[in-house]
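J.: what follows is a protein structure lacking sequence information:
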């Protein structure tokens, strides 16, 4: 019984991490112009777990995280949900590519995926609002996301190792 | 057995993925029409997250304040001199304002202009600076419980911040005047020319639907016109920053990077909206 509860807690862990990242990402830090180019922390979280433990962060959870993000950020509801499941889908289907690759390769792949997601989001928002939007805040936001990826990944890897000892679940 | 179920599993997964993609699109279209269910979901999440955000935002605000304090200390002498000069100027203005207020009251009485009741203010703290690249909004720690409702004007001492876009029970989202969805009826203070202030997610919103004959020059003040009834008239918004072939840009008076405390103007509950025929005879 206790062990089952433990397992459930561990399974909810990546989603919880995404929510914490979301709340911290929305904190006002009073830097000029920051809020417009704030990095997309949930993208990093979903990307990381889609590579290393997709069993703990299935597509439906990525979708739910996106919905909560949309509700909190005030973005059109469903927008981040779509972006996150798209990123999740791409990464999971290409998992074999990521396996055993150096960090530089994974980071480059993340750069491509983050910028593509940013582009898709930009196009979708323009379609929904019916007006053109300055692309630069979106580009800077994604560049900041890419720049912070190594740090966030380091933190996640530390937590991953501490909370989820290898052997409890064997990655597929 | 496992060999047989594997392809089915893949098929189910693909179908689930497709279903989620479709629901994301459906939600986006539903949300565009301000569906009640989407609104409920948004305010529910907001209320759920508000207490956490309130705690998380305090240290950040404290650090920002500490940095600000050090800056203030450095500029203490020059700031003091500036404030003394400003104070002298404002004292002169105060006597003028008092005289005009009295005169205005007399004239209003003579003209039978219905008295505008004072608005009620709800003070709130900004607990999240959300939105990212596509939305300009903040979350404040006051909601329906404090009397906040959708559509109310939000200001600081400097000027207009935006309007309440979603009101939860403990928290609310404020759409800034710079957001791409923001449309605000405004007046040029000096010439009383009407226009609509249109946000585009940039720092300087645009003046649209300004009459071609209207004279505009850089530095003109922009105020709310009060048209539409949700906003009080005459709230300061900004000054004209540039006038050129592409249009008129307005520089807001509020520094959106330093939003900390805001006042929400409870205008509707302060001013009951009787039909004008009822008001006129009662006034003597």
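T.: Received the coordinates, thanks. Note that the structure is predicted; figures quoted are calculated from it, not measured.
J.: other SSEs contacting the helix or strand hosting residue A:123?
T.: Assigned by DSSP states H and E, residue A:123 falls within helix A:103-129. On a contact count with 3 or more CB pairs under 8 Å, 6 or more residues apart in numbering or on different chains; DSSP states H and E, helix A:103-129 meets helix A:41-52, helix A:79-93, helix A:95-98, helix A:136-163, helix B:2-32. For every residue, glycine as well, the C-beta is placed using N, CA and C.
J.: tell me the most buried of these?
T.: Compared across those, helix A:41-52 shows the largest average neighbour count, a mean of 25 (mean count of other CB atoms under 10 Å in any protein chain shown).
J.: contacts for it next, please.
T.: Here helix A:41-52 makes contact (CB atoms under 8 Å, 6 or more residues apart in numbering or on different chains) with A:14, A:17-18, A:21-22, A:24-25, A:56-57, A:62, A:65-66, A:69, A:80, A:83-84, A:87-88, A:91-92, A:95, A:98, A:106, A:110, A:113-114, A:117, A:145, A:148-149, A:152-153, A:156, A:160, A:171.
J.: the same query, at a cut-off of 7 Å, please.
T.: Residues from elsewhere that reach helix A:41-52 (CB atoms under 7 Å, 6 or more residues apart in numbering or on different chains): A:14, A:17-18, A:21-22, A:25, A:56-57, A:62, A:65, A:69, A:84, A:87-88, A:91-92, A:95, A:98, A:110, A:113-114, A:117, A:145, A:149, A:152-153, A:156, A:171.
J.: one more: stretch A:4-18?
T.: Stretch A:4-18 has contacts (CB under 7 Å, 6+ apart) with A:42, A:45, A:46, A:49, A:56, A:57, A:61, A:65, A:159, A:163, A:164.
J.: now the terminal residues of stretch B:153-166, how far apart.
T.: 12 Å (CA to CA, to the nearest Å).
J.: tabulate the helices and strands packed on helix A:103-129 (a markdown table), appending mean pLDDT.
T.: As requested, the helices and strands packed on helix A:103-129 are exported to a markdown table (pLDDT from 0 to 100):
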| stretch | mean pLDDT |
| --- | --- |
| helix A:41-52 | 91 |
| helix A:79-93 | 93 |
| helix A:95-98 | 84 |
| helix A:136-163 | 88 |
| helix B:2-32 | 82 |
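J.: is any residue of stretch B:129-139 near chain A?
T.: Yes. Applying CB under 7 Å from any CB of the partner chain, one finds stretch B:129-139 touching chain A at B:129, B:130, B:131, B:132, B:133, B:134, B:135, B:137.
J.: ok, residues contacting that stretch?
T.: Outside of stretch B:129-139, the residues within contact range by CB under 7 Å, 6+ apart are A:26, A:28, A:35-38, A:40, A:72-75, A:121, A:125, A:133, A:137-138, A:141, B:46, B:50, B:53, B:126-128, B:165, B:171, B:173-176, B:178-179, B:199, B:201, B:259.
J.: which of the three states applies to residue A:6?
T.: Secondary structure state of residue A:6, per DSSP: H, G, I helix; E, B strand; the rest coil, is helix.
J.: burial measure for it, as a count.
T.: Residues near residue A:6, counting by other CB atoms under 10 Å in any protein chain shown, number 11.
J.: how about residue A:112?
T.: Neighbourhood size, residue A:112 [other CB under 10 Å]: 11.
J.: okay, it and chain B: tell me how far apart.
T.: 18 Å (CB to the nearest CB, to the nearest Å).
J.: find the residue at the geometric middle of chain A.
T.: The geometric centre of chain A, computed from its C-alpha atoms, lies nearest to residue A:43 (CA atoms, centre = their mean), at 2.0 Å.
J.: low-confidence stretches in the stretch 101-250 of chain B?
T.: Counting by pLDDT under 70, the stretch 101-250 of chain B contains low-confidence residues at B:114-118, B:131.
J.: just the strands in it please.
T.: Secondary structure of the stretch 101-250 of chain B, counting by DSSP state E, counting those that start in this stretch: strands at B:120-128, B:137-140, B:153-155, B:160-167, B:172-176, B:183-188, B:194-198, B:206-208, B:221-224, B:236-244, B:247-252.
J.: looking at the helices and strands packed on helix A:103-129, spot the one closest to residue B:242.
T.: helix A:136-163 (18.9 Å; CB to CB).
J.: which strands or helices does the closest one pack on?
T.: Contact partners of helix A:136-163 among helices and strands, from 3 or more CB pairs under 7 Å, 6 or more residues apart in numbering or on different chains; DSSP states H and E: helix A:2-25, helix A:41-52, helix A:103-129.
J.: packed most tightly, which of these would that be?
T.: Buried most deeply of these, by mean count of other CB under 10 Å, is helix A:41-52, with a mean of 25.
J.: now do the following helix or strand past that one: distance to the chain's middle.
T.: Remark: after helix A:41-52, the chain's next helix or strand is helix A:59-73, criterion DSSP H and E. Here helix A:59-73 is found 10 Å from its chain centre; the criterion is CA atoms, centre = their mean, to the nearest Å.
J.: show me what helix A:59-73 is packed up against.
T.: helix A:2-25, helix A:41-52, helix A:79-93, helix B:2-32, helix B:36-74.
J.: would you format the ones you listed as JSON lines with distance to residue B:106 included?
T.: What follows is the helices and strands packed on helix A:59-73, written out as JSON lines (distance: least, CB to CB, whole Å):
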{"stretch": "helix A:2-25", "distance to residue B:106": "55"}
{"stretch": "helix A:41-52", "distance to residue B:106": "60"}
{"stretch": "helix A:79-93", "distance to residue B:106": "56"}
{"stretch": "helix B:2-32", "distance to residue B:106": "51"}
{"stretch": "helix B:36-74", "distance to residue B:106": "43"}
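J.: residue B:86 is nearest to which of those helices?
T.: Once those are compared by CB to CB, helix B:36-74 is nearest, at 16.0 Å.
J.: great, nothing more from me.
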